[in-house]
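Novice: below is the sequence, then the predicted model.
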There are 4 protein chains.
Amino acid sequence: MTQAARTISPQAQKIADSVERFVRDEIVPYEKDPRLGPHGPNEEMVAEMRDRARAAGVMTPHILDDGTHLTHLETALVLRRSGLSPLGPLACNTSAPDEGNMFLLGHVGNDDIKRRFLAPIVSGEARSAFFMTEPAADGGAGSDPSMLQTTAVRDGDEWVINGRKAFITGAQGAKVGIVMAKSEEGANMFLVDLPDPAITIERVMDTIDNTMPGGHSVVAIRNLRVPHGQLLGEPGEGFRYAQVRLGPARLTHCMRWLGACDRAQEIATEYAVRRRAFGQRLVDHEGVGFKLADNQIDLKHCELMIDWCAGVLDAGDPGITESSMTKAHVGETLFRVIDRCVQVMGGTGVTGDTIVERVFREIRAFRIYDGPTEVHKWSLAKKIKRAELTRLGETD
Amino acid sequence: MTQAARTISPQAQKIADSVERFVRDEIVPYEKDPRLGPHGPNEEMVAEMRDRARAAGVMTPHILDDGTHLTHLETALVLRRSGLSPLGPLACNTSAPDEGNMFLLGHVGNDDIKRRFLAPIVSGEARSAFFMTEPAADGGAGSDPSMLQTTAVRDGDEWVINGRKAFITGAQGAKVGIVMAKSEEGANMFLVDLPDPAITIERVMDTIDNTMPGGHSVVAIRNLRVPHGQLLGEPGEGFRYAQVRLGPARLTHCMRWLGACDRAQEIATEYAVRRRAFGQRLVDHEGVGFKLADNQIDLKHCELMIDWCAGVLDAGDPGITESSMTKAHVGETLFRVIDRCVQVMGGTGVTGDTIVERVFREIRAFRIYDGPTEVHKWSLAKKIKRAELTRLGETD
Amino acid sequence: MTQAARTISPQAQKIADSVERFVRDEIVPYEKDPRLGPHGPNEEMVAEMRDRARAAGVMTPHILDDGTHLTHLETALVLRRSGLSPLGPLACNTSAPDEGNMFLLGHVGNDDIKRRFLAPIVSGEARSAFFMTEPAADGGAGSDPSMLQTTAVRDGDEWVINGRKAFITGAQGAKVGIVMAKSEEGANMFLVDLPDPAITIERVMDTIDNTMPGGHSVVAIRNLRVPHGQLLGEPGEGFRYAQVRLGPARLTHCMRWLGACDRAQEIATEYAVRRRAFGQRLVDHEGVGFKLADNQIDLKHCELMIDWCAGVLDAGDPGITESSMTKAHVGETLFRVIDRCVQVMGGTGVTGDTIVERVFREIRAFRIYDGPTEVHKWSLAKKIKRAELTRLGETD
Amino acid sequence: MTQAARTISPQAQKIADSVERFVRDEIVPYEKDPRLGPHGPNEEMVAEMRDRARAAGVMTPHILDDGTHLTHLETALVLRRSGLSPLGPLACNTSAPDEGNMFLLGHVGNDDIKRRFLAPIVSGEARSAFFMTEPAADGGAGSDPSMLQTTAVRDGDEWVINGRKAFITGAQGAKVGIVMAKSEEGANMFLVDLPDPAITIERVMDTIDNTMPGGHSVVAIRNLRVPHGQLLGEPGEGFRYAQVRLGPARLTHCMRWLGACDRAQEIATEYAVRRRAFGQRLVDHEGVGFKLADNQIDLKHCELMIDWCAGVLDAGDPGITESSMTKAHVGETLFRVIDRCVQVMGGTGVTGDTIVERVFREIRAFRIYDGPTEVHKWSLAKKIKRAELTRLGETD
């Protein structure tokens, strides 16, 4: 049982409240903006929302002016509030992949990299993309990173990178790229200015989710030349850095989607209380009321799992196991929550009249993004086995 | 245990095989046609697919040239095959709402109505719409038909109809409308030529599904005047006729979506066998293989429930209870099936690269369309109670 | 879609009705008999119930006087009715393992074996046991028959058998044993008169189920000598014969437990209609009524799966895949059914005041007996993979 | 988000460790003691275990020598450890109903009542019973306390009580009784010395669980005369006092059963790692390994829910909603956990060879005891509705 200081500072609480007010008052109206297309909002709309966030003092709210972060526990509160609208994280700069990329560069980047690549992301001027996943059709790295096929070859003071990537969120429109490629030293991460003629967006995939500006792209990298100074950290350490990013990035996904489901529950509750069928309010039908009750319970233990994992990270542990447990649990649970919201609302639930339908689609994807649930269970089962073998004094 | 003649005639089997061949060979390629937008394929694309269906001899395949229908059991086979592509039913004219409307008019319409309104639907020249559901916001008829608010007032030889409708599938583009409205005699159905200036499409709703041409509309009816001869059957019998349509219409939904899931399972199986992760084929991971096994089992009992209910209908029973049980069961089960297909395919499962993602969205809506699962269970519970009270010799 | 003659003969229907009447009128009262202990009813009680069955003309009702069997489809009806009480199958001689053993000996045994070993089982004078499963602690054959460790060594005109067995249902009290043991020719089955001093019952296991007389035993076999004439069929063919028994035996389990759940649903329905809480009948609470509705749906598709599989067997197919699908599906589904019955009845559901609690425990075991659900899914997944590889023209 | 001091004192941690050591070393061996019958251990065995607990210094470990309690959060830790064996709570005096009764008397009893009735329970010399639930057949109070039928009539300085009770845990063998009965002032609780000739145990029910000594009884109360001084607190306040007991009592159930599932998971894990099938360790089959992974996740959020609710109680809130959410969630979740443990262990899982089978049965009952899950959801749904109506400024 973790006993780290599990408190939210008054400052963090205030930030969270500001973010909530901002999202509810200023961002919710954008949910019906016609500039929000199948691959997310267009650049104009993003810029407009971000200007509002700056004016409201809630741009990148989890990173303080001195560059320090809120604790993970505090971040959980702030990011959850930012997620009350699916557009909130984008507006406040708490969205994937930028949030994870900022965390990574903040922890591993040297001063030069922080200045050149991190600063414009933190300020919300630049968006970033993380080039890791590779196309299934090529037999490349999906959930199994050991299948990484993109190569980086040293050529004097430069690296030459070749390969193909898929599901690259926000590649279109990003100004900063972090490219994963293997060299003889192992895996590496490279910082890249975007766009770059050596990086071609072959197509933006049609995906079930559509909140991210730029959508998710399939990308070809052909003879991309990157100065050695843009290698993040040390050569061959790419997988280790990926782990630094991994735990927190998984967890912030959970935080944001928890907030989105909070809102969906509000919408479904109001619908169920106002609307009548068969002689009574919908909510008075146990078939409906029980769904809202289940949701209230489920939202609570998702919150508790997130806070628990945040506490582990705050205690300095990389939290790989804990974030894996949390991501798997929260992903599956929130899907049930949002599915119930849809069902409670009947026909209205499957229309774009409210955000419930959109959140349903986003969370369907979330069960796969950042590792399908099954990969997390597979990994947990391996750990359970190893621990038991150790206890028994046996080897496999 | 029903013991009706449960056989598929050689003729019906041949029709089913032709339909399958046609859908696989000629319609599957249209799945990537750019004319397929968020509210279904455009008119040009529909016309083109239907021309092919006529050429292949599979237009309205479940209605024979002499106007007779295949049995419900035979229809189950033919419509399932037509559903192997989400576009198949539209191409072959086995889709909702036309299929149900044809069934209704064939059973209740007089010769004049059959000639004027039914014939062009059967030939595939006209599409039709069924104006029953009303907007939730108005407190109108959703799952509870007794809340019907649209009115029909007799004025000489005409009826004057006023009201609002929602979720009117295919209203945009339809040439035939069946409008439900209440008069002092009770509920009524009226046949209407479309478009009509008294019927305004307020908006086409953005829905999670997008296979139906014309999508689903919110419609205002203002002083629509309909000659008395276009009243279907007798005044006040609208709910009874709705029941005639209800059982078969629910069931054909199940047939088509079963076919779509057959195909999704084929796609997911091929993916799981070809693709590798963590050192073996995906299918060799039990976490994946078990999902395909579960699907094989689930597809089988969905088929059996459909065939059972078809047998009840073929025996002359309206099958209200049986179609309710079947719709609830098949809807929920197929959703689990398609959800597993998505999950098996990982990232690819949530993209438009295959139809799996589309079928997932369609079947999410199917759990609500034609009565949310909960309404069917509510109705079943009432029947169970009444039967038990009768057995006990008690009254409520 | 199977199109075998799927009819119940008038004779079979009459048998089923007699069995139902007998079980309801004469066996249900035994459910509270104090002679029914933790390892099933005692011998006196078994004999008494069987005398009644003979008097009612329903002893071994699925095997006709001329030794022929009802079809599998007809058997499904008769055995389901016999299962309306957990004691019914024992009373009528339709219970495991006798039913499966009779089927096996009827199909594989020569005249001598039929006369000596089969006849007394059919007449209900002798009970039998099937010695196949081995103790987990020994690393013996559980779900994986290839792990068979019991040995049979030829010694002149006799075989000498050694090994240990577990979960041997009804070993205590059985007069006929079928022992599985491997020789250099492969697996074999031997017919044995019981009791035999070389077969020691080490202990009767305490199991969650307690309907079977004699319970489930752990047995040691030490230098058991069996004449060669008591080898069933040919040497080395034991696994093949096990397959003959396997499909039907799995399926008859499903039939009996379906009947037990029919009855549990009756009991739960009456309880929910009579009992009140929070101002209305329990059944009027959707949280209760929906459970009964779910059960009605689930009982139906279990019936349909059983009938489908019976049809496959009746068509002469060994039905290994179909019975595996059916057993896995029916086992898991009926567990949900009976779990709902328990929950509907609240505190009463977890007491021995009705059979619901007993059936709950029996069906929990059923999910494991005759192959845990997971083993069936594992086997199905292998078949799906092989079929797809064949379709693709690939090898593993 | 609760921010109460959420720490375990070193003293409490030490107590928890002692309890765990005691239960594992000294109580686990009693699990196979033949004195453990279908209605729990006999008195001799209880006394023997309690002597050991006293010797080990772990009798009533959550109540300190000065009569103060550990915090609820600390209690969660201690009671979970005591639950590592189903017999642990009984041995340590942390079991239901005594634990709840001690809490109630400690909070509501006057000095006389504490001395006469509480002290011997705390010391472990007396066991107690809580007479609240009434027989379903009488239409009495089950989940709906407003249906209370037992009456108390004032007669001079005494009360005369009449009625019937059911599911009275541990009535047989208890020395202290708390009897709920309604008078014209409302509901009341009376302290009673047991046995008393006016209280007849009609029968000890056969229930699926069998850990509690004395089992669960149906009891008749006929003209029981109780001095006014044995009325707990004030007349008519019985329901209010029931609420005092309610939250903590629900929660301690969760704590104990969480500990039991911890142990079941240990047993299943060892089994899955040691045992092999189909060429590998069971745990290497994802069908098994995923179950253990799911359990690890589920045990964690059950722990977190319990700790959260304990924090609410520690903050002085009665925690009615929170304990209802927690009880419903933990009950349903732990049932899935223990069901997976059973399934992982195959045939062994349904035998008494390990405690897994026993815990399975106990937790099945736990889903009903202290309010069936559905009653908690019903109550939550009501609260959600009321809160939303308030927010909307509407009335029902």
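Specialist: Looks like it arrived, so ask away. Numbering: from 1, shown residues only, chains lettered A, B, ... in the order given.
Novice: return the residues of the stretch 201-350 of chain A in contact with chain C.
Specialist: By the rule CB under 8 Å from any CB of the partner chain, the part of the stretch 201-350 of chain A lying against chain C is A:His285, A:Glu286, A:Gly287, A:Phe290. The way it works is simple: take the backbone N, C-alpha and C, and place the C-beta from them, glycine included.
Novice: quick check: which element contains A:Lys382?
Specialist: helix A:373-392 (DSSP states H and E).
Novice: hmm, who's touching that helix?
Specialist: A:143, A:321, A:324-325, A:327-328, A:331-332, A:367, A:395-396, B:278, B:285, B:287-288, B:343, D:269-270, D:273-274, D:281, D:283-284, D:286, D:289-290, D:292-294, D:296-297 (CB atoms under 8 Å, 6 or more residues apart in numbering or on different chains).
Novice: which ones among the residues you listed lie within strands?
Specialist: In this view, the contacts of helix A:373-392 that belong to strands under DSSP state E are D:Arg281.
Novice: in PyMOL, how would I select the buried members of the contacts of helix A:373-392?
Specialist: Selection of buried members from these for PyMOL, criterion 16 or more other CB atoms under 10 Å in any protein chain shown:
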select buried, (chain A and resi 143+321+324+325+327+328+331+332+367) or (chain B and resi 285+287+288+343) or (chain D and resi 269+270+273+274+281+283+284+286+289+290+292+293+294+296+297)
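Novice: from the contacts of helix A:373-392, which ones fall inside helices?
Specialist: A:321, A:324-325, A:327-328, A:331-332, B:287-288, B:343, D:269-270, D:273-274, D:286, D:289-290, D:292-294, D:296-297 (DSSP state H).
Novice: quick one: the strands in the stretch 51-200 of chain A, in order.
Specialist: Here the stretch 51-200 of chain A has its strands, by DSSP state E, counting those that start in this stretch, at A:128-131, A:151-155, A:158-169, A:176-183, A:186-193, A:199-205.
Novice: same question for stretch A:284-294, mean pLDDT?
Specialist: The average pLDDT for stretch A:284-294 rounds to 98.
Novice: residues contacting it, please?
Specialist: A:265, A:268-269, A:272, A:277-278, A:282-283, A:336-337, A:340-341, A:343-344, B:374, B:377-378, C:285-287, C:290, D:374, D:376-378, D:380-382, D:384-385.
Novice: likewise stretch A:19-27?
Specialist: A:49, A:52-53, A:56, A:58, A:61, A:78, A:81-82, A:84-85, A:87-88, A:91-92.
Novice: and if we set it to 6 Å?
Specialist: With CB atoms under 6 Å, 6 or more residues apart in numbering or on different chains as the contact definition, stretch A:19-27 has outside contacts at A:Arg52, A:Ala56, A:Val58, A:Pro61, A:Val78, A:Arg81, A:Ser82, A:Leu84, A:Ser85, A:Leu87, A:Gly88, A:Ala91.
Novice: ok, stretch A:36-48 next?
Specialist: Taking CB under 6 Å, 6+ apart as the rule, stretch A:36-48 contacts A:Asp33, A:Arg35, A:Val204, A:Asn210, A:Thr211, A:Met212, A:Pro213, A:Gly215.
Novice: likewise for stretch A:306-319?
Specialist: Residues contacting stretch A:306-319 (CB under 6 Å, 6+ apart): A:2, A:4, A:6, A:71-73, A:76, A:247, A:251, A:254-255, A:322-323, A:326, D:304.
Novice: so what's the residue lying farthest from the centre of chain A up against?
Specialist: The C-alpha centroid of chain A is most remote from A:Gly279, which lies 43.2 Å away (CA atoms, centre = their mean). Listed by CB under 6 Å, 6+ apart, A:Gly279 has no contact partners.
Novice: distance of it from chain D?
Specialist: As for A:Gly279, its distance to chain D is 14 Å (criterion: CB to the nearest CB, to the nearest Å).
Novice: what does A:Met255 give?
Specialist: 13 Å.
Novice: once you drop chain neighbours, what's closest to A:Glu303?
Specialist: Once flanking residues are discounted, A:Glu303 sits nearest to A:Leu258: 6.4 Å by CB to CB, 6 or more residues apart in numbering or on different chains.
Novice: please apply the same query to A:Gly67.
Specialist: Using CB to CB, 6+ apart and skipping the chain neighbours, the partner closest in space to A:Gly67 is A:Gly106 (7.3 Å).
Novice: over to A:Leu105?
Specialist: A:Leu118 (4.1 Å).
Novice: which residues touch A:Ala365?
Specialist: A:Ile208, A:Asp209, B:Val350 are the contacts of A:Ala365 under CB under 6 Å, 6+ apart.
Novice: let's see that with 7 Å instead.
Specialist: Residues near A:Ala365 by CB atoms under 7 Å, 6 or more residues apart in numbering or on different chains: A:Thr207, A:Ile208, A:Asp209, B:Val350.
Novice: can I get these in JSON lines including neighbour count, secondary structure and distance to chain D?
Specialist: Shown next, in JSON lines, are these (neighbours: other CB atoms under 10 Å in any protein chain shown; DSSP: H, G, I helix; E, B strand; the rest coil; distance: CB to the nearest CB, whole Å):
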{"residue": "A:Thr207", "neighbour count": "25", "secondary structure": "strand", "distance to chain D": "27"}
{"residue": "A:Ile208", "neighbour count": "21", "secondary structure": "coil", "distance to chain D": "25"}
{"residue": "A:Asp209", "neighbour count": "22", "secondary structure": "coil", "distance to chain D": "24"}
{"residue": "B:Val350", "neighbour count": "28", "secondary structure": "coil", "distance to chain D": "22"}
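Novice: tell me which parts of chain A are close to chain D?
Specialist: A:1, A:3, A:6-8, A:77, A:269-270, A:273, A:283, A:286, A:289-290, A:292-294, A:296-297, A:300-301, A:304-305, A:308, A:325, A:328-329, A:377-378, A:380-381, A:384-385, A:388-389, A:392 (CB under 7 Å from any CB of the partner chain).
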